[in-house]
Every structure is written in structure tokens, then in C-alpha cells.
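Asks: Fold the following and give me the result.
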Amino acid sequence: MNRVSIVIALLAPAVSAANYGPGFRQKVVPVEGCTLSATVGGKGPTVLLLHGYAETAQMWKPLAVQLAPRFTVVAIDLPGIGDSSIPASGIDMKTSAQRIHEGVHKLGYDRARVVGHDIGLMVAYAYAAMYPSEVEQLTLMDAFLPGIGAWRDVYDAPVWHFRFYGHTPELLVKGRERTYFEHFWNDFAADPKHSIPEADRRAYTKVYARPGRMAAGFAYFKSFLKTADDFAELGKTRLPMPVASIGGEKANGEALGAQVKLISANPTVVIVTGSGHWLMEEKTEETIAAVTRALEEPATAQK
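Replies: Numbers count the residues shown, from 1 in each chain. All right, here's what the predicted structure looks like:
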């Protein structure tokens, strides 16, 4: 480890991290510009799990426990979020994918099946598009792909949070992080009473309330237009691996399904009936079943 990496590691927060229980271990991985917090466990082909906004890698616990007997699970907090440290620059989807790719290799894995939800979906797509020979399967869960197809129908819809970032928004939400996140957890669910559990709401609020964390989260939204340019270029080449989209009936399922048909020759499109955006929490069993089916597809190139 070089001197810069040592300094970054010392500055990174202690790993309180996603707690998946017995059989999983926490690792802190130095990469370019930051350290990544990874939760690793199981045996078999590698599955990389990338969480979304207003959550951390903790969201994947029910899935990780189910996958561990058949897959090696690697769940990573996105740069700047959870227990990964905050980069000084480059908090965007493509750069995050590059950092996570470096982290996956440092953990000792050369190939992976990649799953992403929300903004983690965008990082997952960037990962697969930049390193297609290393991705055996890609699952994209309930968000949209900037720069692909009719992406502006989502980006320009009357959802104010896509453009809510900067110094003033940071001041407005400081000390009120839970109030801000309740908008996402409640309004994006099909039924707010069956959305993010209370214990997770408290944990996520505590994590994001730490210094610099809300700014890091906002930086991902600020990067959407850059991401659109990046994805428009990456999208010129269709993905060779099997691709699945899984979206909520009451959220982005249909729109995401239309987009994946532009990046993949023969994708699997799954609409989870009765679910909003928070698939893992709203329809846990149905979502785990859909993800597992996607991961079990043969890791062969599509015709």
C-alpha cells in the first residue's frame, strides 16, 4: 500500500457497516481516491451488489443471506456513502464504477454478476459497459439510465430531488435528514406502511447525517447530465452478457424495461406487481426470486 492509500485508510470511518450475520466479513479496500467498505460472504460465482440513494449496502441483507449458499456475495457501499470514504472528486456513476472495479479486483475477484438498484443501477450499468468481458450477468433494478432512449421523460418529470443539490440544500437538510429521506421512503413506495423498516430508517439517517455525507449523496444527482453524456457513448455498443431489468409496477418498471431493450439484444424484463420503488423492502420474496432467477442465467454471450 502506498503512502496516499495509507492516509486514506486512516481517514476512513470505522466499519460499522452492513451486518449480514454469521458467514459474512467486513473489508476496507483502498482504491484510487477513497476506500470502499465491502461486505463479503458465501461461496460460488461472484455477485456484486450495489445499493441506491437513501440506503447503504444494508438493504441487500435478505438477498445476501439467500444467495450465500450458492454465490460469493460482495456488497459495496458506493463511494461517499455508508462506510466508504468520501472522494475529493469524481463522485459520479462512471468514476464510481471504475473505483468499484478496482476494489473488486483487490478483493481477488476477476469476474462478477452485477446487481444495482436506484443510482446503484447506474453504477452497475457503467461497470458492465466498461468491463463487459468481466461481467457474467447484469441486473438493473428500478431507476432509469441517463442518456439512453427516452431518459428525459424521467429526468424532467416533476420530481424536484434530481436538481436538489448544492450548498443551500445541504444547509436546509442538515439536522433534518430523516425528514428529507421520508419523502423518498414514503412517496416512492406503493404503500408507505410497507416501505423501509423503522430500524433501517434510523440507521440510514444516522449514516447520512455524518459530516460530508449529504453533500456526497447530492453529488450523484449533480452528475446526471455528465452521466447522460457518458451513457450515450457507452450505449452505442450493446451489452454482450445476459441482462435483466426488475422494476416496480407502481414505479419505474415499464420505463426501465423499455430502456434495457436498447442496450441489450434480448433482455429479461420483470415487473413486480404491487411494488413501488423499494423492491427489496416492499416485495422481498418476489424480488429475491426474480434476482436469483436472473443470476442463474447461463453466463454466455447473447446472440
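
Asks: where in the protein is pLDDT low?
Replies: 1-17, 154-166, 168-169, 171-172, 298-303 (pLDDT under 70).

Asks: So which residues of it form strands?
Replies: Using DSSP state E, the strands of the chain run over 24-31, 34-42, 46-50, 72-76, 112-117, 135-141, 243-248, 268-272.

Asks: Reformat those strands as CSV; add mean neighbour count.
Replies: All C-beta atoms are positioned from the backbone trio N, CA, C, and that covers glycine. Conversion of the strands of the chain to CSV gives the following (neighbours: other CB atoms under 10 Å):
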stretch, mean neighbour count
strand 24-31, 19
strand 34-42, 25
strand 46-50, 26
strand 72-76, 27
strand 112-117, 27
strand 135-141, 26
strand 243-248, 27
strand 268-272, 20
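
Asks: These: which one's closest to R201?
Replies: The minimum distance between R201 and the strands of the chain falls on strand 112-117, with 16.9 Å, by CB to CB.

Asks: Can you tell me what sits against that closest one?
Replies: 45-52, 55, 59, 71, 74, 104, 122-125, 127-128, 134-143, 279-280, 291, 295, 299 (CB atoms under 8 Å, 6 or more residues apart in numbering).

Asks: quick one: that strand to strand 72-76, angle?
Replies: 40 degrees (axes from the mean of the first three to the mean of the last three CA atoms, to 10 degrees).

Asks: what ranges do the helices span in the chain?
Replies: Secondary structure of the chain by DSSP state H: the helices cover 3-11, 61-67, 93-106, 119-130, 151-155, 167-173, 177-187, 198-208, 213-222, 224-234, 253-263, 279-282, 284-295.

Asks: Burial-wise, tell me which of the ones you listed comes out on top.
Replies: Burial of those is given as mean neighbour count (mean count of other CB atoms under 10 Å); helix 119-130 ranks first at a mean of 26.

Asks: Now tell me what touches it from outside.
Replies: Helix 119-130 has contacts (CB under 8 Å, 6+ apart) with 48-53, 78, 93-94, 96-98, 100-101, 114-116, 135, 138-143, 145-146, 220, 227, 230-231, 234-235, 237, 239, 241, 243, 256, 263.

Asks: what separates that helix from the chain centre, distance-wise?
Replies: 8 Å (CA atoms, centre = their mean, to the nearest Å).

Asks: let's have the chain start at 2 instead
Replies: Sounds good: first residue 2 from here, last item helix 120-131.

Asks: and that helix with helix 94-107, angle?
Replies: Using the same axes, to 10 degrees: helix 120-131 against helix 94-107 is 70 degrees.

Asks: separation between V136 and P80?
Replies: 19 Å (CB to CB, to the nearest Å).

Asks: Format the helices of the chain as JSON lines; extra columns: distance to L37.
Replies: What follows is those, written out as JSON lines (distance: least, CB to CB, whole Å):
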{"stretch": "helix 4-12", "distance to L37": "10"}
{"stretch": "helix 62-68", "distance to L37": "16"}
{"stretch": "helix 94-107", "distance to L37": "4"}
{"stretch": "helix 120-131", "distance to L37": "12"}
{"stretch": "helix 152-156", "distance to L37": "28"}
{"stretch": "helix 168-174", "distance to L37": "24"}
{"stretch": "helix 178-188", "distance to L37": "23"}
{"stretch": "helix 199-209", "distance to L37": "15"}
{"stretch": "helix 214-223", "distance to L37": "13"}
{"stretch": "helix 225-235", "distance to L37": "20"}
{"stretch": "helix 254-264", "distance to L37": "26"}
{"stretch": "helix 280-283", "distance to L37": "21"}
{"stretch": "helix 285-296", "distance to L37": "22"}
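
Asks: Which among the ones you listed is found nearest to V30?
Replies: It's helix 94-107; of these, that one is closest to V30 (CB to CB) at 4.4 Å.

Asks: can you give me the offset of the closest one from its chain's centre?
Replies: For helix 94-107, the distance to the chain centre is 12 Å (CA atoms, centre = their mean).

Asks: cool, stretch 129-144 as well?
Replies: When C-alpha coordinates are averaged (CA atoms, centre = their mean), stretch 129-144 and its chain have centres 12 Å apart.

Asks: same thing with stretch 190-209?
Replies: The answer for stretch 190-209 is 17 Å, by CA atoms, centre = their mean.

Asks: Give me the contact list for it.
Replies: The contact list for stretch 190-209, computed with CB under 8 Å, 6+ apart, reads 55-57, 59-60, 82-84, 178-179, 182-183, 186-187, 189, 214-215, 218, 249-252, 275-279, 282-283.
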